[in-house]
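**Student:** Below are the sequence and a predicted model for it; my questions follow.
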Amino acid sequence: MQNLIKFNGVTVFQDERPVVGNLSIEVKQGEFIYLLGKTGSGKSSFLKTIYGDLALTNGTANVCGFNLLNLKPSEIPFLRRKLGIVFQDFQLLSDRSIYENLKFVMKATGWKDEPKIKTRITEVLQKVNLEGKETKKPHELSGGEQQRVSIARALVNEPDLILADEPTGNLDPETSEEILKLFKQISESGRAVLFATHDMLVYNKFKSRTLLFENGRIEDKA
């Protein structure tokens, strides 16, 4: 299995303050990994380094073939095409339909062929069980459905790696379990998933490799 992430001796800084120290980790294709820790423990900062939002200045770090230590600003969009990012608050465009939300992201990442865009949107909406919802606006959907749209959006470019930052934080327990199962299916299809949470109800639904964020360190628990 190919390494998608390889960090060695990395310290993550936020506003010049070390958040996570001496991090060494490898993530392979198809792995599902929890990032577990309290709010403020460094989970989001770690994810931000992966998608190029926080610069790294030490150690060695490679994500999907990109060297993060000398990553140029012009390379960040190309790195992000290899990634799918899902946030807690959905971040959907409220004035546009679900179809237009997905199309907006695709156009921004270089898709030009309208028939191919339409086919791909149909495919990803089927994967998240939202076929037939293309014309709906976000406010017409439940919270769980809106999160499924953001997962579909993360999948449109067929990424190698999905980063999910507290994706069930605004959802009820039943819906959270459905979303967790969906991410598990995504990992079983060959993509790696990093699933950040501090919700033990979600975490205890099924066991998987865990990176425990605590006291400025990460403990890797199989």
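**Tutor:** Thanks, I have the structure now. Numbering: from 1, shown residues only.
**Student:** Over to stretch 54-64 now: how far is its first residue from its last?
**Tutor:** Stretch 54-64 has an end-to-end distance of 17 Å (C-alpha to C-alpha, to the nearest Å).
**Student:** Okay, and the spatially most central residue of the chain sits in which element?
**Tutor:** Centroid-nearest residue in the chain, with C-alpha atoms, centre = their mean: residue 163, separated by 1.8 Å. Here residue 163 is covered by strand 161-165, with elements defined by DSSP states H and E.
**Student:** For that strand, output the C-alpha coordinates as CSV.
**Tutor:** Output of strand 161-165 as CSV, limited to C-alpha atoms (Å, rounded to 0.1, in the frame of the first residue of the first chain):
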residue,chain,number,x,y,z
LEU,A,161,-7.2,11.3,1.0
ILE,A,162,-10.3,12.6,2.9
LEU,A,163,-9.8,15.0,5.8
ALA,A,164,-12.9,15.2,8.0
ASP,A,165,-12.7,17.9,10.7
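**Student:** can you list the domains in this structure?
**Tutor:** Following automatic domain parsing, one gets these domains for the chain: 1-82+159-222, 91-157.
**Student:** What mean pLDDT does the shortest one get?
**Tutor:** pLDDT averaged over domain 91-157 equals 93, rounded to a whole number.
**Student:** how long is it from one end to the other?
**Tutor:** Terminal residues of domain 91-157 lie 18 Å apart, using C-alpha to C-alpha.
**Student:** which of the residues in the strand holding residue 163 are buried?
**Tutor:** Within strand 161-165, the residues that qualify as buried are 161, 162, 163, 164, 165, counting by 16 or more other C-beta atoms under 10 Å. All C-beta atoms are positioned from the backbone trio N, CA, C, and that covers glycine.
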